[in-house]
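J.: Please work out how this folds:
(one chain, ligands or ions: 1)
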Amino acid sequence: MRSPVQQYLDDVHAGLVDELGGSTKSKNPELAQADPMMFGMAITTADGYTYASGDADVPFSIQSISKVFGYALALQDRGFVYMDERIDVEPSGDPFNEISLDAETGKPKNPLINAGAIAATAQIRSTTKKSAFDRILEVCSAAAGRELELNQKVYEYDRDTGKRNRALAWLLASSEIIEGDPIQAFDDYSRQCSISVTTKDLSVMAATLANLGTNPITGQDVFDTEVVQRVLSVMLTCGMYDDSGDWVSTVGLPAKSGVGGGILGALPGQLGLASFSPPLDQHGSSVRGLRAYKQISTDLELHFVRTS
Ligand code: GLN
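T.: Numbering: from 1, shown residues only. Below you'll find the model as predicted:
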């Protein structure tokens, strides 16, 4: 017999398969090829149970959701004072790829827009054995509870065409937010966006955040509690870019979307959520995903302001 949670998830999924809004017109041919009918949803509870519905095992590109994990790793490596001197935590109200730097200091507004994410990735420590990207991949894998991989084609396309992100990396170097090689930071960022995940992976990654840094399935401690508190706060205010205000009002959960079609959401102490559906709205967020979150948040009363 299906559990009530499984049944509920299947019902939400079935109710949204006819939602045909949004576009898959990505500049990246690998993303543009995504089947617009693909639709996966998953929930992993903070005590480690996963419920999945639809295309929850289909791999897709993590894209901007990786920014959460890159920032968390940089915070672990460098601490709050160091990171706060370089990246603010203010909502920008700007699109994700905006040249959103403070006029005087050159600081990015927050770590979840491209400028701030490239700046954060640049702070991740590397060793002779492990590059910064190796460490991001390792941390994403630890949060997902399995070894994740890079999608080489997505990466090569982003690397070869990402002129705006390259420009951002150079701008950050000009204001000394990036002290090392800006092209290395750009390259690491392009790679982190090209990590392949499934909806189930994403829900476990979300549950690791909801469980304050410990993967609830493997028991591995991935992030310190204070780092998770900071990251979830920034997700709540900045995770959906120039749609963040509407998101906080209607869904009220820390979340992060990516142009690969994924949305990760976390309810601290309770559960991690994930959705995957490629057609995107004008902000770069999955249309079906947004609807799924709105419905689940309302039905299960997940909004951080409780009304009953
Ligand atoms: N790789 C994309 C970029 O940097 C990620 C954008 C996103 O998912 N919003 O432009």
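
J.: burial count for residue 7?
T.: Other residues within reach of residue 7, judged by other Cβ atoms under 10 Å, total 13. Using the backbone N, CA and C atoms, a C-beta is placed for each residue, glycine as well.

J.: secondary structure class for it?
T.: helix (DSSP: H, G, I helix; E, B strand; the rest coil).

J.: Look up the pLDDT of it for me, please.
T.: Here, the pLDDT recorded for residue 7 equals 96.

J.: who's in contact with the most centrally placed residue in the chain?
T.: Centroid-nearest residue in the chain, with Cα atoms, centre = their mean: residue 65, separated by 1.5 Å. Contacts for residue 65 (Cβ atoms under 8 Å, 6 or more residues apart in numbering) come out as 197, 202, 256-258, 260, 262-264.

J.: How confident was the prediction at it?
T.: 98.

J.: That one: what's its closest spatial neighbour, skipping adjacent residues?
T.: Nearest residue to residue 65, sequence neighbours excluded (Cβ to Cβ, 6 or more residues apart in numbering): residue 258, at 4.2 Å.

J.: ok, the one you found touching residue 69?
T.: No: Residue 258 is not in contact with residue 69 according to Cβ atoms under 8 Å; the separation is 11.5 Å.

J.: Determine the number of other residues adjacent to residue 72.
T.: 28.

J.: does residue 307 sit in a helix or strand, and which one?
T.: Residue 307 belongs to no helix or strand when elements are defined using DSSP states H and E.

J.: What separation do you get for it and residue 298?
T.: Between residue 307 and residue 298 the distance is 10 Å, computed by Cβ to Cβ, to the nearest Å.

J.: Looking only at neighbour counts, state which of the two leads.
T.: Between residue 307 and residue 298, counted using other Cβ under 10 Å, the more crowded position is residue 298 (14 against 6).

J.: you'd agree the more buried one is in a strand?
T.: No: according to three-state DSSP, residue 298 belongs to no strand; its state is helix.

J.: Check the spacing between it and residue 58 real quick.
T.: Distance of residue 298 to residue 58, given as Cβ to Cβ: 27 Å.

J.: Just want the phi and psi numbers for the closest residue to residue 283 other than its chain neighbours.
T.: Leaving aside its chain neighbours, residue 283 sits nearest to residue 243 (4.3 Å; criterion: Cβ to Cβ, 6+ apart). With angles defined as degrees, to the nearest 10, residue 243 sits at phi -110, psi 10.

J.: Write out the residues of the stretch 201-308 of the chain neighbouring the ligand.
T.: Within reach of the ligand by Cβ under 6 Å from any ligand atom, the stretch 201-308 of the chain has these residues: 258-259, 284.

J.: Tell me which of the residues you listed fall in strands.
T.: Nothing among those maps onto strands, per DSSP state E.

J.: TSV for these, including neighbour count, distance to residue 52 and pLDDT?
T.: Output for those, formatted as TSV (neighbours: other Cβ atoms under 10 Å; distance: Cβ to Cβ, whole Å; pLDDT from 0 to 100):
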residue	neighbour count	distance to residue 52	pLDDT
258	28	19	96
259	23	22	95
284	21	24	92
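
J.: Distance to residue 187 added to those, as JSON lines?
T.: Formatted as JSON lines, those follow (distance: Cβ to Cβ, whole Å):
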{"residue": "258", "distance to residue 187": "19"}
{"residue": "259", "distance to residue 187": "19"}
{"residue": "284", "distance to residue 187": "22"}
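
J.: and which of those is nearest to residue 21?
T.: Of all those, residue 284 has the smallest distance to residue 21: 14.1 Å, by Cβ to Cβ.

J.: Can you tell me the closest non-neighbouring residue to the closest one?
T.: In this structure, residue 284 finds its nearest non-sequential neighbour in residue 259, 4.8 Å apart by Cβ to Cβ, 6+ apart.

J.: Go ahead and confirm the one you found touches residue 31.
T.: Yes: with contact defined as Cβ under 8 Å, residue 259 counts as touching residue 31 (6.6 Å).

J.: Show me whatever sits in contact with both of the two.
T.: Counting by Cβ under 8 Å, 6+ apart, the shared contacts of residue 259 and residue 31 are residue 63.

J.: Can you verify my assumption that residue 232 contacts residue 254?
T.: Yes: with contacts counted by Cβ under 8 Å, residue 232 reaches residue 254, the gap being 4.2 Å.
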